[in-house]
Structures are given as structure tokens and as C-alpha cells.
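Enquirer: what's the 3D shape of this:
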Amino acid sequence: MPAAMSRTIPALASLLLLAACSGGEDGETPEQAKRLVLPSQPAPLREAPKQPEGAVWSALPNGAAQFAAPGQPPLLVVSCEKRGTPEAVLRFTRTTRAEEGAKALFAIEGNSRVTRVKLDVVKPGEPGEWTGTVSAFDGRVEAIRGSYGVKATLPGGGTLSWSGSSVPGAVLTDCRAGLTLPKETPEADASEAPGEEN
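Expert: Take a look at the predicted model:
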């Protein structure tokens, strides 16, 4: 074998070995580059927004009530529509993360009751705005009067919690304006479903 070729073969072998052991453009080893391209764990889901500290209920001049931290926009507003009529409803407006076109059930737990209000997104964004209504004469809406604490959860939008407060309950009382919860009677049930047999 010529002397020149015998010197060239070891030199080429050394270059190949050096290339195999060297990292990428940023000095990464092949193992590190593989972990960047193919992560072993999925990206974590975004956490639901947390309730800011110091949030309390306060009455508004228009007869509504808001739950908010000092100096910040309201997290939840409860207002009344068609006050003092059998069609009276409470409107819940929740300010939190919202995706356009989304719908969800807003679960309010308190006073040994649970009410679920259907909310629709009216303003997408972060924060966005959700709103929906429930009959003021639905017995389950008494949940907002919870004297031992109330939790109100919107899937993906976080949970609000507060100790007993008379403010949201006062909105409910005023919305009914002296009217009482309708009482179900066997006669009323029969009239709603004529022709049905038990």
C-alpha cells in the first residue's frame, strides 16, 4: 500500500469518529437533540384562573350585586330581570377566560342546594365574559344564600368561593318582590300532561 494512502485512511477515520461524537450547531449531544424533538411528556394543560384575594360582595346602585376584589373588575355579577313578575329571572355574568362560541354549566353550591346555570360566551378573550339566566322562582337558586359558604364553578374558568353573604340573597328577594315560590299540586301536574296514565 502506498505510504500516502496509509496516512490518509487513519486521518479519515479520525474525522468520522469526531463527527459522530460532536454535538449539533448549539453543541448538543445527539441524546439531547432527540429529547428536544420528541418530548416524552405532553405539554401541561393551562390551569384555571385563580380567585384573587380579598374578593367580597357589594351592592350596586341598579339593584344588582357584584363579587370583586378591591380595585379590580367584578368576577361575578348577579342582577334581576322582569322584577316582581312570575317571569322574573336572575342573570349571572361571569368574567373569566372564555372561548368564542363556548357554552357551559355554572354550578353554584350552597345552602344545601346546587343550581346549574347555562352560560354562553358573549365576549371571548382572557378575560372574557359569560352570561345566562335562571328563574328567580327555581328553588335551587337559593344556593346563593349559603350562610356557611358558597362555591361557584365554571369548567375551565375557575372556582369562586365566599363565606356567607346577605348581598346576593337580597337581590333574589327583591327580584321576587313578594311573590312566593310556586307550589306544585297533583291537579297542576295532571293539567300539564293530559291523557297520561300512571
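Enquirer: which residues of the protein fall in strands?
Expert: For the chain, the strands defined by DSSP state E occupy 56-59, 65-68, 76-81, 89-98, 103-110, 113-123, 125-135, 150-154, 158-162.
Enquirer: I'd like to know which of those is closest to A177.
Expert: Between A177 and the strands of the chain, the tightest spacing by CB to CB is seen for strand 76-81, at 8.9 Å. C-beta coordinates here come from the backbone N, C-alpha and C atoms, glycine included.
Enquirer: and that closest one, what's its mean pLDDT?
Expert: Strand 76-81 carries an average pLDDT of 98.
Enquirer: which strands border it, and is each parallel or antiparallel?
Expert: Using DSSP bridges, the strands paired with strand 76-81 are strand 65-68 (antiparallel), strand 89-98 (antiparallel).
Enquirer: just checking, L60 touches V78?
Expert: No - counting by CB atoms under 8 Å, L60 stays clear of V78, with 9.6 Å between them.
Enquirer: which of the two has more neighbours?
Expert: Applying other CB atoms under 10 Å to L60 and V78 shows that V78 carries more neighbours, namely 25 against 14.
Enquirer: please pull out the lowest mean pLDDT helix or strand from the protein.
Expert: helix 186-192 (a mean of 36; mean pLDDT, DSSP states H and E).
Enquirer: export the strands paired with strand 76-81 to a markdown table and append columns for mean pLDDT and mean neighbour count.
Expert: Converted to a markdown table, the strands paired with strand 76-81 look like this (pLDDT from 0 to 100; neighbours: other CB atoms under 10 Å):
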| stretch | mean pLDDT | mean neighbour count |
| --- | --- | --- |
| strand 65-68 | 97 | 22 |
| strand 89-98 | 97 | 22 |
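Enquirer: among those strands, which is nearest S166?
Expert: Of the strands paired with strand 76-81, the one closest to S166 (CB to CB) turns out to be strand 65-68, at 9.8 Å.
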